[in-house]
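J.: Sequence below, structure please.
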Amino acid sequence: MLSKIVVLFLVFIGVLAMFGKLHWIGGKRLSKAKCDCGRYRIGKGPCACGRGKS
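T.: From the prediction side, this is the model:
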């Protein structure tokens with residue numbers, strides 16, 4: 001019984017990981033929010049590094 005619960009939990013985590021890898025769920029928006037240095041920008045201001053997109 002315990003092994004069934006563990007297996008179902010691992011399958012559930014695997015399915016969540018597959019959905020997390022999909023890029024059609026906000027992928028374009030997240031890629032636009034990245035600076036040239038690789039950090040994510042929050043808001044519309046310039047990046048903290050000072051060399052990225054403004």
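
J.: so the one residue sitting closest to the centre of the chain, which of the three states?
T.: Ranked by distance to the mean C-alpha position of the chain (CA atoms, centre = their mean), the top residue is Gly20 at 6.7 Å. Recorded secondary structure, Gly20: helix (DSSP: H, G, I helix; E, B strand; the rest coil).

J.: what stretches of the protein score poorly on pLDDT?
T.: The model of the chain has pLDDT under 70 over residues 22-32, 51-54.

J.: what about the helices in it?
T.: Counting by DSSP state H, the segments of the chain that form helices are 2-21, 27-32.

J.: Redo those as TSV? Include distance to Gly43.
T.: C-beta coordinates here come from the backbone N, C-alpha and C atoms, glycine included. Listed next are the helices of the chain as TSV, based on distance: least, CB to CB, whole Å:
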stretch	distance to Gly43
helix 2-21	24
helix 27-32	13
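
J.: Any idea which of those gets closest to Lys44?
T.: helix 27-32 (11.5 Å; CB to CB).

J.: For Cys47, find the nearest of the helices of the chain.
T.: That would be helix 27-32 among the helices of the chain, by CB to CB, at 12.8 Å.

J.: so who does the residue nearest to the centre of the chain touch?
T.: By CB atoms under 8 Å, 6 or more residues apart in numbering, the contact set of Gly20 is empty.
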